[in-house]
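Colleague: Quick check, what structure comes out for this input:
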Amino acid sequence: MKRSISPTIFKDEVFEQAFAKAELARLNATDLESYENSLKVYRDLKNVIDTAFDDGKLEGKIEGKLEGKMEIARTAKQMGLAVAAIVQLTGLSEEEIANV
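Modeller: Residues are numbered from 1 along each chain as shown. Here you go, the predicted structure:
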């Protein structure tokens, strides 16, 4: 959408939003429908990206916690702690501790 040039006095964001709404009000039905469809596609894509980002952050946190537990288990094994104590300390299984 082509933006009209507004006087310098109207460069405040409130005025910019008002001018943008006025331009939308001038659109014919076909152009308005096209604009609304493109806005819907944009919002859908943004939501997909935001959701994927949030899911990735959660997955990263889970992986980080597991890596931390594995490091604690590794250190505890080097200190000679019993496997049962390491299980209680980390919440890892005996098999997971055996593989660190």
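Colleague: okay, CA-based contacts and neighbour counts for the rest of this
Modeller: Will do.
Colleague: Low-confidence regions, the protein specifically.
Modeller: By pLDDT under 70, the low-scoring segments of the chain are 1-10.
Colleague: Do a quick rundown of the strands in it.
Modeller: Using DSSP state E, the chain contains no strands.
Colleague: So which residues of it form helices?
Modeller: For the chain, helices defined by DSSP state H occupy the ranges 13-25, 29-78, 83-90, 94-98.
Colleague: just those: most buried one?
Modeller: A comparison of the helices of the chain by mean neighbour count, using mean count of other CA atoms under 10 Å, puts helix 83-90 on top with a mean of 15.
Colleague: Using PDB, list the CA coordinates for that one.
Modeller: Provided in PDB are the C-alpha atoms of helix 83-90 (Å, rounded to 0.1, in the frame of the first residue of the first chain):
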ATOM      1  CA  VAL A  83      25.300 -45.400  41.900                       C
ATOM      2  CA  ALA A  84      22.300 -45.400  44.200                       C
ATOM      3  CA  ALA A  85      23.400 -42.100  45.700                       C
ATOM      4  CA  ILE A  86      23.900 -40.600  42.100                       C
ATOM      5  CA  VAL A  87      20.400 -41.800  41.100                       C
ATOM      6  CA  GLN A  88      19.000 -40.000  44.100                       C
ATOM      7  CA  LEU A  89      21.100 -36.900  43.500                       C
ATOM      8  CA  THR A  90      20.300 -36.500  39.800                       C
END
